[in-house]
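Visitor: predicted model and sequence follow; I will ask about them next.
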Amino acid sequence: MAHVELSLTEVFAPTTRTPTEPGCDNIGRWSATVSSADEPCLLIDAEARVLAVSATGCELLCLGRPEDLIGLPLLDGGLRLLDFTANRGELTDPEIDKIPPLLALSSGRLARGLLRIEAAAEDTTDATVDAISTPVLADGAVAGSLTFFSEV
């Protein structure tokens, strides 16, 4: 049996303020991170406007170019969400409010769920993605949500 020993000689204590303290630009930091991320991810503000989206996120969600989406409401940027029925109907407003990026905003908690995204071209199939969202805090209040996507 292997033996592993761990010892800590110095405790690391950050000297900067925590991201939720007044005056910290948590949204700005996440925006820069999401914009340059290799992973499919999205950052929206408290009004559900797109602040940042990765190039791979745009590709997975069939949204076009990231720079064309900045400042637009999430659902006005071309994102078409479908239900999981055989009819492939568009989601209704009460169902849309429950998608992870919006649920994280309204609940202030982690949210996870599957999304069915309508394909951009007729010759491709709809995408099913797993979305995991977390609220982003600024000055102690929910200022947006950060979502990571994974194709299913």
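Guide: Here it is on my side, so go on.
Visitor: tell me where this protein has helices.
Guide: Secondary structure of the chain (DSSP state H): helices at 26-35, 55-60, 93-96, 100-107.
Visitor: quick one: closest of those helices to residue 44.
Guide: Closest approach to residue 44 among those (Cβ to Cβ): helix 100-107, 5.7 Å. (Glycine included, C-beta is placed from N, CA and C.)
Visitor: contacts made by that closest one with the rest, please.
Guide: The contact list for helix 100-107 (Cβ atoms under 8 Å, 6 or more residues apart in numbering) reads 42, 44, 46, 48, 74, 96-97, 110-113, 115, 131-135, 142, 144-145, 147.
Visitor: what do you get if the cut-off is 7 Å, keeping everything else the same?
Guide: With contact meaning Cβ atoms under 7 Å, 6 or more residues apart in numbering, helix 100-107 is reached by 42, 44, 46, 48, 74, 96-97, 110-113, 131-135, 142, 145, 147.
Visitor: hey, C-alpha coordinates of stretch 88-101 in CSV?
Guide: Taking Å, rounded to 0.1, in the frame of the first residue of the first chain, the C-alpha atoms of stretch 88-101 are listed here in CSV:
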residue,chain,number,x,y,z
ARG,A,88,-39.7,20.3,-31.3
GLY,A,89,-41.8,23.3,-30.1
GLU,A,90,-40.2,26.5,-28.9
LEU,A,91,-40.1,26.9,-25.1
THR,A,92,-42.8,29.0,-23.5
ASP,A,93,-42.0,32.0,-21.3
PRO,A,94,-42.4,30.1,-18.0
GLU,A,95,-40.1,27.4,-19.3
ILE,A,96,-37.5,29.9,-20.5
ASP,A,97,-37.4,31.4,-17.0
LYS,A,98,-36.2,28.0,-15.8
ILE,A,99,-33.1,27.7,-18.1
PRO,A,100,-29.9,27.6,-16.0
PRO,A,101,-28.5,31.1,-16.9
